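A.B. asks: Sequence and predicted model, in that order:
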Amino acid sequence: MVPRSGASGGDRPPTSRPAAGTSRSPLQMPSVRDGRSRPSPAGRRPVSGPSPDSRRRTDPHGRSRASCPHGSARPAPRTAQGRFSEPSTRADRGAARTASSRLRHTGASHGAAPYAAPHIQASPLAASRRPPFAVIAFVVVALLAAAVFGIDQIVNGSRIYQGVSVGSVDVSGMTADEARSAVAAAYGDRLSGARGYIFASEEARGTVDVDTELAEQAAQAEQLSVEEARADKKLWIAEAGALGARIPVSELVDEAFAVGRATGPGGRLQAATGGVNVPVRLSFDDEAVEALASDIDESIGRPRQDWDIEVDDEGRASLVEGHDGTIVDRTELTALLTQGFLGGDSSGFSFVAEAGYAPLRIDEGTAERTRAAVQAVLDEGIAFTFEGDTWQLSGRDIAPWIATDVEAAGEGFYLAPHLDDARARADIAQMIRDAGFATAVTVSFEVAEGEVWVSAASGSRYPLVADALADADEMLFGSFDGGGSFSPPASPSVEIGWGAAPERTTFDEAIQCGLIGEISSFTTEYNDGAGTASRRHNIHRAADLLTDSVAAAQGGQWSFNAVMGEANEGNGFQAAHAIVNGEYEDAIGGGICQVATTVFNAVFEAGYPVTERRNHSLYISSYPTGRDAAIAYPDLDLTWVNDGTSDVLLRTRYTDSSLTVTLYGVDPGYVVASQTGEWTEGDPFGKRVVIDESEPEGTRYVKTAGADGRCVTVHRTVRDRAGTVLHEEDFASSYAPIDEVTVVGPNTPTAEEEEADEGSESPGTDKEDARVSTGD
């Protein structure tokens, strides 16, 4: 039991007794003022306020509780340390009278002394109760500070202090809303249409004609592979909109509002006397900036390759050699872009890209520790159990699941191994289907109010594969931190449980819990630049129209034209380069065939039957050989059939230089094999020169790269997991020859004339002929 404060004898002051030989006087009383006793300072405890044992505490759940386990602590009885109590017993009253006699008798050893009026001395405690000067001064200062603070809150409580600016905008005395409007008005238009020109070298900056370079990029955007285009690139266009550049107005105003508040009176004084400026900055889309920087790296630098590991089909982990690189500094690049975009130059800004040294983050020793840990896991293997069936997986079985990431560790990095969730989930789901649970769950998709909903058939159950994989990943690699003391668990085993399928849930929740997953995915890349802006717009527009479209279960047909509609201006498409009559010309909707090709390859890899597909009339080296798809509303279409038991959702995702199409649902488990045949030669290409009077004199560039005609066939076989052939088909592609078309300005000599005029320099801005991959 907690002792009650003041109950012990040690808490009560000793009874005052006169010394031996001292007379007692009834007038000797304790000094009393307003009914309060004046005890000595020693051992004094405040009347108000809890004793240490009665202070409130909190339980583990954060609830307040008293220190007494059986209820609230009772207050201690007040003694001389508290309010004075009148004497109540005879002995007490006698002691009080005796003590009071001291006030008029100062001594008794020499008999009675002449009477003198009692002289009452001030109690030492009374003196101690008078506030010292320091306390008074502190109180006065505190009151003044409170008054000043109160006045400051009334005057500036909702306004920015004087002397504060954001960039070139003086926001003194403004509310947050007023400051946001002022900053947005001053800087908002600077990003509208802002662009910059990034050159590969000083030589390119001095010799490249921007307009001609952009025209050639636009003309050959679909003819050259991404790798070929990067190798020859000398100019990049940085557009504020494409890079997601924006001014974080609210953040800047919040920083301005914090001056003098977060920084205290010193910040206010600095703002009032010398001024405080919050510099304007830009925020960017990190992925867009990284794509631009990587594109520049490919041309002027050497991308860094960290040491890594790879696992072969036999379950043996080995090192992948890395090397330092020379790459564009991302921080410096964004700083130059910020400076240029905010400069307000309507004609655009320019700078030369520079590649700097990029050291390894993962060296050989670091990668070796990861390799050893992965090999130890592979050697041990792992078991999964479901409904009484156990699959003992060896290193060879789980080899395709091993992936690595570079992760920060203190001031350095380490190579973190983990299981590839998408790959492992598909394999385990297939094992469960092979065990006889193929129809355990069927799902359908519904798009309502911008949200994709997933519904499961009543009574459906599904294996909790996602949970099992999370447990397996933690079990195998959870304790690895890059050090050398890792030991894998002995005989690891994970049990897969059943989960009741929710009747209706969101797409993201269905993915997270493993109800649905990725069936197949395919990505294509395209050349990006200011000259290809319209083509990029069309690709994005088509992708937006197709995303979240559904192929119904049990034979539902999906049609590109039916989902997207006609590629015209009314549907949001622009004029861009497309194949027209065997030549690249501007046409509304140029670029949508890239989207059709990406869809076709995603369906091809999933194994669903393709019922209609036509190749382009001209060969395009940037697509997989013989696996392109052309669209021309309403005559040429791409259609396929969902022959599975669950709906399939098609979703698109894109950047400024890539497009990804992914099919989601319950994986039917089709096994796809394909063989690409040999090329068959066709007619050779010819050459033509077109004079464009609108171009400057002396201009020459290749508008269409030449390529011979050719034919190729791709054979696809689709089987179930048991090896039974479900269907197989040939995709034949016949490509016509592409004439090489060179555009020249007026009064520009032909190539033959230039060869005859040996040693002479051609005027204007000649361009090298673009290279075209033969595809052989």
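C.D. replies: Ah, there it is.

A.B. asks: Only C-alpha atoms from now on, for both contacts and neighbour counts.
C.D. replies: OK.

A.B. asks: ok, how many other residues are close to residue 458?
C.D. replies: Counted with other C-alpha atoms under 10 Å, the neighbours of residue 458 add up to 12.

A.B. asks: residues in contact with it?
C.D. replies: Taking C-alpha atoms under 8 Å, 6 or more residues apart in numbering, we find residue 458 in contact with residue 503.

A.B. asks: Repeat that for the one 3 residues further on.
C.D. replies: Residue 461 makes contacts with 440-441, 498-501, as judged by C-alpha under 8 Å, 6+ apart.

A.B. asks: most neighbours, which of the residues you listed?
C.D. replies: Among these, the one with the most neighbours (other C-alpha under 10 Å) is residue 501, at 25 neighbours.

A.B. asks: Looks to me like residue 211 is in a strand.
C.D. replies: No: under DSSP: H, G, I helix; E, B strand; the rest coil, residue 211 falls outside any strand and is assigned helix.

A.B. asks: On the strand side of things, show who the residue lying closest to residue 368 once chain neighbours are set aside bridges to.
C.D. replies: By the measure of C-alpha to C-alpha, 6 or more residues apart in numbering, the closest residue to residue 368 outside its immediate chain neighbours is residue 319, 7.0 Å from it. Counting by DSSP bridges, residue 319 forms beta bridges with residue 309.

A.B. asks: please begin residue numbering at 698 from this point
C.D. replies: All set: I'll call the first residue 698, so the last point we hit is now residue 1016.

A.B. asks: okay but residue 1016 is in contact with residue 1009, surely?
C.D. replies: No: contact criterion C-alpha atoms under 8 Å: residue 1016 and residue 1009 do not qualify, at 11.1 Å.

A.B. asks: So which of those two has more stuff around it?
C.D. replies: Ranked by neighbour count (other C-alpha under 10 Å), residue 1016 and residue 1009 place residue 1016 first, with 16 against 12.

A.B. asks: Enumerate every residue touching that one.
C.D. replies: Taking C-alpha under 8 Å, 6+ apart, we find residue 1016 in contact with 1004-1007, 1064-1065, 1068.

A.B. asks: Give me the distance between it and residue 1151.
C.D. replies: Remark: distance between residue 1016 and residue 1151 (C-alpha to C-alpha, to the nearest Å) = 43 Å.

A.B. asks: Going by neighbour count, list what's buried in stretch 940-953.
C.D. replies: For stretch 940-953, the neighbour count (16 or more other C-alpha atoms under 10 Å) marks 940, 942-947, 949-950, 953 as buried.

A.B. asks: For residue 857, state which of these is nearest.
C.D. replies: residue 953 (6.8 Å; C-alpha to C-alpha).

A.B. asks: right, and residue 1258 touches residue 1330 too?
C.D. replies: Yes: the criterion here is C-alpha under 8 Å, and residue 1258 meets it with residue 1330 at 6.5 Å.

A.B. asks: With neighbour numbers in mind, choose between these two.
C.D. replies: Relative neighbour count places residue 1258 above the other of residue 1258 and residue 1330, with 20 against 14, counting by other C-alpha under 10 Å.

A.B. asks: so which helix or strand takes in the more buried one?
C.D. replies: helix 1257-1261 (DSSP states H and E).

A.B. asks: pull the CA atoms of that helix into CSV?
C.D. replies: This file holds the C-alpha atoms of helix 1257-1261, laid out as CSV (Å, rounded to 0.1, in the frame of the first residue of the first chain):
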residue,chain,number,x,y,z
PHE,A,1257,-8.7,-1.9,-80.4
ASN,A,1258,-11.0,0.2,-82.7
ALA,A,1259,-14.1,-0.5,-80.6
VAL,A,1260,-12.4,0.6,-77.4
MET,A,1261,-10.4,3.6,-78.7
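
A.B. asks: so how far is the helix or strand containing residue 900 off the chain centroid?
C.D. replies: Assigned by DSSP H and E, residue 900 falls within helix 899-904. Chain-centre distance of helix 899-904: 37 Å, with C-alpha atoms, centre = their mean, to the nearest Å.

A.B. asks: can you pull the buried residues of that helix?
C.D. replies: residue 902.

A.B. asks: Provide the contact partners of it at residue level.
C.D. replies: Applying C-alpha under 8 Å, 6+ apart, the contact partners of helix 899-904 are 896, 931-932, 1049.

A.B. asks: Run a quick neighbour tally on residue 1376.
C.D. replies: For residue 1376, the neighbour count with other C-alpha under 10 Å is 15.

A.B. asks: Mind listing the residues bridging to the nearest residue to it once chain neighbours are set aside?
C.D. replies: Once flanking residues are discounted, residue 1376 sits nearest to residue 1409: 5.0 Å by C-alpha to C-alpha, 6+ apart. Following DSSP bridges, residue 1409 is listed with bridge partners residue 1430.

A.B. asks: And residue 1214, by the same measure?
C.D. replies: Beta-bridge pairing for residue 1214 (DSSP bridges): residue 1362.

A.B. asks: I'd say it and residue 1204 touch.
C.D. replies: No: counting by C-alpha under 8 Å, residue 1214 does not reach residue 1204; the two are 10.0 Å apart.
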